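Participant: pasting a predicted model and its sequence here:
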There are 2 protein chains.
Amino acid sequence: MFRPEIKVLDCSIRDGGLINKWQFDDEFVRATYQALNEAGVDYMELGYKASPELFDPKDFGKWRFCRDEDVKRLMDGIEPMTQLACMVDIGRVSEKDICPRRDSPFSMIRVACYIKEIDKAIALCNMIMDKGYETTVNIMAVSTNLDREIDEALTDLAETRIPTVYVVDSYGAMYCEDVTFLVKKYREALPGKTIGVHTHNNRQLAFGNTIQAIVDGANMLDASVFGIGRGPGNCCLELLLSFLQNPKFNLRPLLRLIQERYIPLREKIEWGYIIPYMITGMLNEHPRIAIAFRDSAERDNYVKFYDTLVMPEPDEVITRSFKK
Amino acid sequence: MFRPEIKVLDCSIRDGGLINKWQFDDEFVRATYQALNEAGVDYMELGYKASPELFDPKDFGKWRFCRDEDVKRLMDGIEPMTQLACMVDIGRVSEKDICPRRDSPFSMIRVACYIKEIDKAIALCNMIMDKGYETTVNIMAVSTNLDREIDEALTDLAETRIPTVYVVDSYGAMYCEDVTFLVKKYREALPGKTIGVHTHNNRQLAFGNTIQAIVDGANMLDASVFGIGRGPGNCCLELLLSFLQNPKFNLRPLLRLIQERYIPLREKIEWGYIIPYMITGMLNEHPRIAIAFRDSAERDNYVKFYDTLVMPEPDEVITRSFKK
């Protein structure tokens, strides 16, 4: 599939940081940035830009905050080809955390929101665009929304200057038919805007669903190195580049990065095809319950996990706690 | 997707045996058979029926041979719901290895062949059907065949009594568009016959491609427990049952089987998403080169593996040998 409009965004550090509180060592992030540059990836999302007043820097790595001075150190000596992005959550960033674009190493700031926060997301995007950045709105967990809610949000978005809106399968619950349904809906409601796609791999459908979104007309594609990301992770960047026929992409630097950095990392933190995440995906549920389960002593008791979600006892519905 | 015609065939022991020469212990195979019965899976393929003259039983486990007496011991005391199948390869089985259906625990014998062997496959199927068995033809590696060859084979098959013909993605090289192309072609060329699908997971597309085949009209679906199978493995049976809406299927016994048997097994033998298999899938190549590489001292040197296949030195084209 060659379409010159297609852009690829790597979210390895941002989504992967949800596993380890962004506590990557500097060399790891720098090696990732270097390899993405060599691979021809369009954007690298480094993390979340969050207010240090809300999160204690003692508890989180630096990519929870994405301070401009940390980013500049990271890039030092590497010829920049890949543009840098970061993500902001509604209510977790203030205007003073975001300097004008001309003073920043970032060119894009993406806004993640639930559908009920769409007006707040639009206001935040307007502030970001006024400061000179490119922006996107990533509507999370859309697999849990009523069609009426989605249509209303898209109507609001259609009237804005926001250039890109994402279909996000936060729970890894979608089939290719759902992807087609949503990408077509977004395209029809948002003429002139770019449609993005961000998938999760709970059911080994992240890559397949990304291909489906491309076929349906999505042009902004999220992926991560070796699929790193919370729980099951994301669409694998190496798979995505192997599918896209654009000669600007180069797989080889990614293979080196995986063998030297991501294979050793995965021996320390887990992501990938893991049955409790497959079950939350199947049930269209947030992975937090599976994350808690994998952190408990019963982490491989899949039958118990399944029973808890499918046939819950009254107490378990409320607490859903697992023995540590 | 609920369609009463859909049948599911588990190939865990047959395809998984390609990893460990079918050296599963009896309790493992029995637990698998028991769980498949409880899960409502239609068929279980136990292995290959091969002549003991061709393979030394000292080197292979019993599911290389699938002797009827071994199968009867396996089933002892379990109420049989799931029908039993085995596979035969062209030239590796003789007529005397196959007794009449009424004396056999098997109800189905499947024939695997390359497209150039289609006439031999038809003859073998005729013998199998004459003995009273159900049969299928599984045309392997069809992603490497010219359209003309495929059409010729399908024309030959259309004239036979063989009830089921499989689209087989042996190399894990197909995209959903390829699946659609082939399933439609098979359906048009083979009116009245069932179309089957057997996928490999080199690029994490086995489940997605199986869904695509279902949408396109395939009704005989191969899968394996936790995806076990040579190299990257197959479509995960637990994913497939989570997609199919037929109330006869039950996921829970499979989850217990995975946690008690397949997770421990995977610590001893490997299958799943592994970069060298991703590369052979991407290049539409047989996985044997990746299997040899994973058995060498350089098993995680993905860049070297990639270079060997994409930019081979003259010697390497011929030998493709890796340091042990």
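Facilitator: Everything's here; your move.

Participant: contacts only, for A:C125.
Facilitator: By C-beta atoms under 8 Å, 6 or more residues apart in numbering or on different chains, A:C125 lies in contact with A:V111, A:T135, A:V137, A:T160, A:I162. The C-beta positions use only the backbone N, C-alpha and C, and glycine is treated the same way.

Participant: quick one: the helices in the stretch 1-150 of chain A?
Facilitator: All helices of the stretch 1-150 of chain A, identified by DSSP state H, counting those that start in this stretch, fall at A:12-20, A:26-39, A:68-75, A:118-130, A:147-158.

Participant: sorry, back to before: just the buried ones from the contacts of A:C125?
Facilitator: Buried by 16 or more other C-beta atoms under 10 Å in any protein chain shown: A:V111, A:T135, A:V137, A:T160, A:I162, out of those.

Participant: now, which of those residues lie within strands?
Facilitator: Judged by DSSP state E, strands contain the following of the buried ones among the contacts of A:C125: A:V111, A:T135, A:V137.

Participant: from B:R261, how far out is the residue nearest to A:K184 when sequence neighbours are not counted?
Facilitator: The shortest distance from A:K184 to any non-neighbouring residue, by C-beta to C-beta, 6 or more residues apart in numbering or on different chains, is to A:D216 (6.1 Å). For A:D216, the distance to B:R261 (C-beta to C-beta, to the nearest Å) stands at 40 Å.

Participant: where in chain A is pLDDT low?
Facilitator: In the predicted model, chain A carries pLDDT under 70 at residues A:1, A:312-324.

Participant: mind doing that once more with 80?
Facilitator: Within chain A, the stretches with pLDDT under 80 are A:1-2, A:312-324.

Participant: now the residue in it that chain B sits nearest to: closest residue in space, sequence neighbours ignored.
Facilitator: Closest to chain B within chain A is A:G208: 2.8 Å, counting by C-beta to the nearest C-beta. Excluding its sequence neighbours, the residue lying closest to A:G208 (C-beta to C-beta, 6+ apart) is B:G208, at 2.8 Å.

Participant: give me every residue that touches the one you found.
Facilitator: A:C176, A:Q204, A:L205, A:F207, A:G208, A:N209, A:I211, B:C176.

Participant: quick one: which of those has the most company?
Facilitator: Among the contacts of B:G208, the one with the most neighbours (other C-beta atoms under 10 Å in any protein chain shown) is A:L205, at 30 neighbours.

Participant: which of the helices of the stretch 1-150 of chain A is buried the deepest?
Facilitator: Highest mean neighbour count of the helices of the stretch 1-150 of chain A: helix A:12-20, a mean of 23 (counted as mean count of other C-beta atoms under 10 Å in any protein chain shown).

Participant: distance from it to the middle of the chain?
Facilitator: Helix A:12-20 sits 9 Å away from the centroid of its parent chain (C-alpha atoms, centre = their mean, to the nearest Å).

Participant: for stretch A:49-58, same thing?
Facilitator: On the basis of C-alpha atoms, centre = their mean, stretch A:49-58 sits 20 Å off its chain's mean C-alpha point.

Participant: and that stretch, end to end?
Facilitator: Stretch A:49-58 has its terminal residues 16 Å apart, counting by C-alpha to C-alpha, to the nearest Å.

Participant: one step back: burial measure for the residue nearest to A:K184, as a count.
Facilitator: For A:D216, using other C-beta under 10 Å, the count is 19.

Participant: mind listing what it touches?
Facilitator: A:D216 sits next to A:V179, A:T180, A:V183, A:K184, A:R187 when contact means C-beta under 8 Å, 6+ apart.

Participant: same thing with A:I13?
Facilitator: Contacts of A:I13 by C-beta under 8 Å, 6+ apart are A:W22, A:F24, A:V29, A:T32, A:M44, A:E45, A:L46, A:G47, A:W63.

Participant: and for A:D151?
Facilitator: By C-beta under 8 Å, 6+ apart, the residues touching A:D151 are A:K185, A:A189.

Participant: A:N209 against A:V197, yeah?
Facilitator: Yes. Assessed by C-beta atoms under 8 Å, A:N209 is found in contact with A:V197 at 7.4 Å.

Participant: what do those two both touch?
Facilitator: Listed contacts common to A:N209 and A:V197 are A:D169, A:V179; contacts here mean C-beta under 8 Å, 6+ apart.

Participant: for A:Q34, what are its contacts?
Facilitator: A:I78, A:P253.

Participant: how far away is it from A:V225?
Facilitator: 12 Å.

Participant: ok, A:V71 next?
Facilitator: Distance, A:V71 to A:V225, using C-beta to C-beta: 18 Å.

Participant: just A:E152 next, same as before
Facilitator: Using C-beta to C-beta, we find A:E152 at a distance of 36 Å from A:V225.

Participant: hmm, back to that, save the contacts of A:C125 as a markdown table, and put in distance to chain B too.
Facilitator: Listed next are these as a markdown table, based on distance: C-beta to the nearest C-beta, whole Å:
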| residue | distance to chain B |
| --- | --- |
| A:V111 | 29 |
| A:T135 | 30 |
| A:V137 | 27 |
| A:T160 | 33 |
| A:I162 | 30 |
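
Participant: max pairwise distance over these: which two?
Facilitator: A:V111 and A:T160 (11.4 Å; C-beta to C-beta).

Participant: what's the local residue count around A:F2?
Facilitator: 8.

Participant: which non-adjacent residue is nearest it?
Facilitator: Using C-beta to C-beta, 6+ apart, the closest residue to A:F2 is A:Q245 (4.1 Å).

Participant: the one you found - how many residues pack around it?
Facilitator: Residues near A:Q245, counting by other C-beta under 10 Å: 11.

Participant: kindly report the same for the one 3 residues further on.
Facilitator: Using other C-beta under 10 Å, A:K248 has 13 other residues around it.

Participant: got a list of what the nearest residue to it once chain neighbours are set aside touches?
Facilitator: Distance criterion C-beta to C-beta, 6+ apart; nearest residue to A:K248, sequence neighbours excluded, is A:G40 at 4.4 Å. Counting by C-beta under 8 Å, 6+ apart, A:G40 makes contact with A:M81, A:N246, A:K248, A:F249, A:N250.

Participant: now do A:C86
Facilitator: Residues near A:C86 by C-beta under 8 Å, 6+ apart: A:R14, A:E45, A:L46, A:G47, A:Y48, A:K49, A:C66, A:F106, A:M108, A:I109, A:R110.

Participant: which of these fall in strands?
Facilitator: A:E45, A:L46, A:G47, A:Y48, A:M108, A:I109, A:R110.

Participant: buried among the residues you listed? Need that as a selection in PyMOL.
Facilitator: Only the buried entries of these go into this PyMOL selection, using 16+ other C-beta under 10 Å:
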select buried, chain A and resi 45+46+47+48+108+109+110
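
Participant: and the residue nearest to A:V183 when sequence neighbours are not counted, how far from B:Y114?
Facilitator: Leaving aside its chain neighbours, A:V183 sits nearest to A:D216 (4.0 Å; criterion: C-beta to C-beta, 6+ apart). Remark: distance between A:D216 and B:Y114 (C-beta to C-beta) = 35 Å.

Participant: chain B contacts on the stretch 101-250 of chain A?
Facilitator: Within the stretch 101-250 of chain A, the positions near chain B by C-beta under 8 Å from any C-beta of the partner chain are A:175-177, A:201, A:203-209, A:211-212, A:215, A:227, A:236, A:238-239, A:242-243.

Participant: thanks again, I'm all set now.
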